[in-house]
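> here's a sequence, model it:
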Amino acid sequence: MGIIAVSDCLTALRDRAQCALIPFITAGDPDLQTTAAALEVLDQNGADLIELGVPYSDPLADGPVIQAAATRALQRGTRLDQVLEMVQDVTPRLRSPLILFTYYNPILNRGISTFLKQIKDAGVAGLVVPDLPLEEAESLLQPAAAIGIEVILLVAPTSPTERIQQIVQQSQGFIYLVSVTGVTGMRSQIQTRVRDLLLELRELTDKSIGVGFGIAHPDQAKQVMEWGADAVIVGSAFVKRLAEGHPNQGLQTIAQFSRSLKAAITDA
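Below is the predicted model:
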């Protein structure tokens, strides 16, 4: 079976009036064997797409939970080549398209075309690069589109309208709407500004819109879905659960949590 495009997956779900669940985990925390198992567990327990973070030493957009996970992974010796090797092994068993989350520096160090070919060969469908400035995005977007990797751009609550229009136009896969100002992490409430931004984005595009950063509970996921999101992205809450206790315990916990989130965004 070939790799399903991120945009095709989300369009198919939207055609069935379904909101997508996109869990995020950090590769190599607690180890790559557990990461591989977690990808399969999530795939079998409600995930529609999965976002996999490559550990990085200076993660500007990540909150304390994901930063700590990346630090632990790096201390264990987790490197990009090992992550891609694991991904290549596990993606043939996944139904959900895999989105890689990485910073721009490792891409530049490796060379854009080399990096894209390697992640494509590993079975990756999409790419999120949180520190990629819009002004430099074209150098990645064009070769990615040519090879069949969709680069997903982020819209922040503070983005001015003109910039939002440019991001919406260029983003591939879907529009990643950041629900909070600041870094990732669990929040007790989702800002109502998200609802206004979803309405604003709907006026500008028919591309799917995913909301992430700060969603920690099923009721928050449901709220975002009811405001009109096509996908709900949950990171820190998964990373935290997977890191607690024995790896097998963590895997059971994220399976249960994933099911509860999917149930919350699935209309009865």
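
> which pLDDT value goes with Ser57?
Per-residue confidence for Ser57 comes out at a pLDDT of 82.

> need phi/psi at the closest residue to Leu94 other than its chain neighbours.
Counting by Cβ to Cβ, 6 or more residues apart in numbering, the nearest residue to Leu94 once its immediate chain neighbours are dropped is Asp43, at 4.8 Å. Heads up, the C-betas are built off the backbone N, CA and C, glycines and all. According to degrees, to the nearest 10, the main-chain angles of Asp43 amount to phi -60, psi -30.

> how about Ile50?
Dihedral angles for Ile50 - degrees, to the nearest 10 - are phi -130, psi 140.

> right, and it touches Leu42 too?
Yes - judged on Cβ atoms under 8 Å, Ile50 makes contact with Leu42 at a distance of 5.5 Å.

> just the helices in the stretch 1-150 of the chain please.
6-15, 32-44, 64-75, 80-90, 104-110, 112-121, 138-147 (DSSP state H, counting those that start in this stretch).

> to Arg202, which of those lies closest?
helix 6-15 (12.2 Å; Cβ to Cβ).

> which of the residues in that closest one are buried?
Neighbour counts over helix 6-15 (16 or more other Cβ atoms under 10 Å) mark Val6, Ser7, Cys9, Leu10, Thr11, Leu13, Arg14 as buried.

> which among the residues you listed gets closest to Ile107?
Once Cβ to Cβ is applied, the member of these that ends up nearest Ile107 is Val6, at 17.9 Å.

> local confidence estimate at that closest one?
At Val6, pLDDT is 98.

> list of residues touching the strand or helix carrying Lys222?
In the assignment (DSSP states H and E), Lys222 maps to helix 218-226. Residues from elsewhere that reach helix 218-226, judged by Cβ atoms under 8 Å, 6 or more residues apart in numbering: 19, 21, 179, 187, 189-190, 194, 211, 214-215, 232, 234, 260-261, 263-265.
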